[in-house]
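Undergrad: give me the fold of what follows.
(2 chains)
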Amino acid sequence: MTTFTLISGLIVGLAFGYALQRGRFCTNTGFRDILLSGDSTLFRAWALAVLVQLVGVTLLHAMGALPITVPPLWLGANVVGGLAFGVGMVLAGGCSSGTCYRVGEGLAGSLLALIAFGLGVVVTDHGILLPLERGLRAATVSDTRIGATLPEFLHLPTWVLVPPLALVTGAWLWRSGVTRYRSGGWPWQVSGTALGLVGVAGWLSSAATGRDFGLSMTGPLRTWFASLLGTPSALDWGSLLIAGLLAGSFLSALIHGELRWRVPKGQRLLQSLVGGSLMGVGAQVAGGCTIGHSLTGLSVLSLGSIVTTAFILFGAWGAGYFMFIRPMRRAMHGAPS
Amino acid sequence: MAAQTIDMRGEICPYPLFETRKHLEALGSGEELEVYVDYPLALDNITRWAENNGHTVVEVVEEGDSEWRIVLRKS
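TA: Sure thing, here's the model as predicted:
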């Protein structure tokens, strides 16, 4: 069982890292491209990954082949954590998966952001910011009152909700064209499908080890950083997933000639540090990040994941507006020519 | 000959696209901007944005491992 745990987490992680690197997949980039250049390519990859996983997990669960854990709803924590994470990922230039695969590619800023993310998580989980997490989770609406999932909230069976959701998203995706990547990255159809399948494989292989959840990054990073900082715990499926992810994106970048040590100027490094910390604190407060909530949690229609994702996007929109959209408008209209 | 050159190597996303846009908007019609990038996503974002907005991607030259020189012409 231990050996299987290690190997299956590592294999899923390798595939995850490879697909992220080839698909240039990052929730932050996906959302930002829409705001900054009206380009929804990566956003479609994300929607497809969620769709594939939603259908796969729903079917497997209905067949009794997959036990699932639903990320809980802590309304205030989901809102505040989501906002902090959203602002943080814009500052750091990548969400949690984006930051991780870019570490594999050799981005110094992402490495700093990842370290700050891990520290932020630990400081909030059992450091000086623990009262923040406890306060936000205790003081707000929890799933015991209104249900943990969208079907429970609406008092509708899952099989009534999933087909229309899948059809509407599928129809929208079906009508979208292929986007060519000059750099040789995967088209969004390939990366979305691959990541959705990796997600389903994640659920299955992690459940086989007794961890009834899919891909996630906040929890596994917490295990790694808590161990590094003196609270050792045994390697589990999640820790090996992260190790595999880093190795997978590193190998993919190496094979495709995209591995390169890239160091931005000082201000960006500081931005990465601040952004990474905000992401860590936000993800720990909200109980997950753009992977645990916005990919895995959405595939079980968790209300907490829906709220967190909405506020991550809202935080990213706000930060993107002040950092990029407003300065751009000023440069175009206000500057003397 | 490009009217202006910007070096975005080492820069994190979305600054390469952001700076490219700012500099290209400031140029006159028909003038060229030369951009150096070292990140695949930046190459994709910049060329796709330019094409979607009517500008011309004059050339993309791979200068080395994960390093490109992009020449854009303003519409």
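Undergrad: does A:Thr179 count as helix, strand or coil?
TA: Look at A:Thr179: counting by DSSP: H, G, I helix; E, B strand; the rest coil, its state is coil.
Undergrad: can you report how many residues neighbour it?
TA: Counted by other Cβ atoms under 10 Å in any protein chain shown, the residues lying close to A:Thr179 total 17. C-betas here are computed from N, CA, C, even on glycine.
Undergrad: so the nearest residue in space to it that is not next to it in sequence versus A:Gln189, what's the distance?
TA: Spatial nearest neighbour of A:Thr179, excluding adjacent residues (Cβ to Cβ, 6 or more residues apart in numbering or on different chains): A:Thr41 at 4.5 Å. To A:Gln189, A:Thr41 is 10 Å away according to Cβ to Cβ, to the nearest Å.
Undergrad: neighbour count: the two, which is higher?
TA: Taking other Cβ under 10 Å, A:Thr41 and A:Gln189 do not tie; A:Thr41 has more neighbours (24 against 16).
Undergrad: tell me which residues touch that one, please.
TA: Listed by Cβ atoms under 8 Å, 6 or more residues apart in numbering or on different chains, the contact set of A:Thr41 reads A:Gly30, A:Asp33, A:Thr179, A:Trp188, B:Arg48.
Undergrad: which SS class is the nearest residue to A:Lys265 once chain neighbours are set aside?
TA: Using Cβ to Cβ, 6+ apart and skipping the chain neighbours, the partner closest in space to A:Lys265 is B:Gly10 (7.2 Å). Secondary structure state of B:Gly10, per three-state DSSP, is coil.
Undergrad: local confidence estimate at the residue nearest to A:Gly23 when sequence neighbours are not counted?
TA: Leaving aside its sequence neighbours, A:Gly23 sits nearest to A:Ser191 (Cβ to Cβ, 6+ apart; 2.5 Å). With respect to pLDDT, A:Ser191 has a value of 95.
Undergrad: who's in contact with A:Ser191?
TA: Per Cβ under 8 Å, 6+ apart, neighbours of A:Ser191: A:Ala19, A:Arg22, A:Gly23, A:Arg24, A:Phe25, A:Ala45, A:Ala49, A:Gly185.
Undergrad: same deal with A:Leu20?
TA: Here A:Leu20 is in contact with A:Cys26, A:Ser97, A:Gly98, A:Cys100, A:Tyr101, A:Leu195, A:Leu245, A:Gly248, A:Ser249 (Cβ under 8 Å, 6+ apart).
Undergrad: inside helices: which ones of those residues?
TA: A:Ser97, A:Gly98, A:Cys100, A:Tyr101, A:Leu195, A:Leu245, A:Gly248, A:Ser249 (DSSP state H).
Undergrad: can you give me the neighbour number for the fourth one?
TA: The burial metric for A:Tyr101, expressed as a neighbour count using other Cβ under 10 Å, is 30.
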